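Asks: how does the following fold in three dimensions:
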Amino acid sequence: MTTTLLVDLDGTLVQLRAQRILSLRLALRGARRFAAVLPMRRFHGAFWRAARIMQTHTTERTNHDVLIGELAREAGCPAPDIARLLDDLVSHDFARMRWHFRPIPGAREALLRACDRGHRLVLATNPVWPERAVRMRLAWGGLADVPFDFVSHSGVMTRCKPSVLYYRELLARVALGARDCVMVGDNPRKDLPAVEAGIRTFLLGRQGSLADLDGWLRRGAA
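Replies: Residues are numbered from 1 along each chain as shown. Below is the predicted model of the structure:
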């Protein structure tokens, strides 16, 4: 019996547009934000080295702590200073990126239908951003008030997609078995590894749209 939907965010519930421009804007803002501790010419390479380590580390530290630690090492300054700068980047710079995110038609309705049927909702977004950035994207998608029981973000998770270990950790966080859940996503590389953890998967585009999800659950996944 399916009791819980694990739902991806970007591309599933919120549409990301002009992604390359968004990346360039964030890179420029980040370089300016960190200029006092990391020369602008070094910021991009340092940040992406730290991000790669965050997404592949095997420690028990949270993804957020790993990113902060690696950036602190690159910059040669205390981790609390880096944490403060990253918080400012999210709160002041990323907060101005709303234009790049828009609601996906039918996403809110699909989630509310699932709630009406008694399903729990877990936001299973790739945990590479702090909770504040995740909450912003939910709000920009018109989903701020959707009752998610758990929200995946870098401050609580120690693994990232596409590792199957992310899905096993997520199941442990929500205290559920794989057979209780269905993963709903749009990215085969990042979302299909849920199958390796024993989680049934509804992949948008291959198995239907969000409008088809309720019928799919009724026919067999529930």
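
Asks: elements contacting the helix or strand where Gln55 lies?
Replies: According to DSSP states H and E, Gln55 maps onto helix 40-56. Helices and strands touching helix 40-56, by 3 or more Cβ pairs under 8 Å, 6 or more residues apart in numbering; DSSP states H and E, are helix 19-33, helix 63-75. (C-beta placed from N, C-alpha, C; glycine too.)

Asks: and those helices, which one averages the lowest pLDDT?
Replies: Lowest mean pLDDT within the helices and strands packed on helix 40-56: helix 19-33, a mean of 93.

Asks: put the alpha carbons of it into PDB.
Replies: Only the C-alpha atoms of helix 19-33 are listed here, as PDB (Å, rounded to 0.1, in the frame of the first residue of the first chain):
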ATOM      1  CA  GLN A  19      19.000  27.900 -16.700                       C
ATOM      2  CA  ARG A  20      22.300  29.000 -18.200                       C
ATOM      3  CA  ILE A  21      21.500  32.700 -17.500                       C
ATOM      4  CA  LEU A  22      20.600  31.700 -13.900                       C
ATOM      5  CA  SER A  23      23.900  29.900 -13.500                       C
ATOM      6  CA  LEU A  24      25.800  32.900 -14.800                       C
ATOM      7  CA  ARG A  25      23.900  35.400 -12.600                       C
ATOM      8  CA  LEU A  26      24.600  33.200  -9.500                       C
ATOM      9  CA  ALA A  27      28.200  32.800 -10.400                       C
ATOM     10  CA  LEU A  28      28.700  36.600 -10.800                       C
ATOM     11  CA  ARG A  29      26.800  37.400  -7.600                       C
ATOM     12  CA  GLY A  30      28.700  34.700  -5.700                       C
ATOM     13  CA  ALA A  31      32.000  36.000  -6.900                       C
ATOM     14  CA  ARG A  32      31.100  39.400  -5.700                       C
ATOM     15  CA  ARG A  33      29.700  38.200  -2.400                       C
END
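
Asks: in terms of secondary structure, what does that helix contact?
Replies: helix 40-56.

Asks: and the contacts of stretch 84-94?
Replies: 26, 29-30, 33-34, 37, 67-68, 71, 129-130, 132-133, 136 (Cβ atoms under 8 Å, 6 or more residues apart in numbering).

Asks: repeat that for stretch 33-43.
Replies: Against stretch 33-43 from outside (Cβ under 8 Å, 6+ apart): 27, 30-32, 46, 71, 74-77, 81-82, 85, 88-89, 93.

Asks: repeat that for stretch 46-56.
Replies: With Cβ under 8 Å, 6+ apart as the criterion, stretch 46-56 contacts 27, 30, 38, 63, 66-67, 70-71, 74-75, 128, 154, 160.

Asks: can you put the residues you listed in TSV and add neighbour count and distance to Leu16?
Replies: What follows is those, written out as TSV (neighbours: other Cβ atoms under 10 Å; distance: Cβ to Cβ, whole Å):
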residue	neighbour count	distance to Leu16
Ala27	15	16
Gly30	20	18
Leu38	21	27
Asn63	27	20
Val66	20	24
Leu67	25	21
Glu70	21	25
Leu71	27	24
Glu74	19	27
Ala75	21	29
Val128	19	14
Ser154	24	18
Cys160	21	18
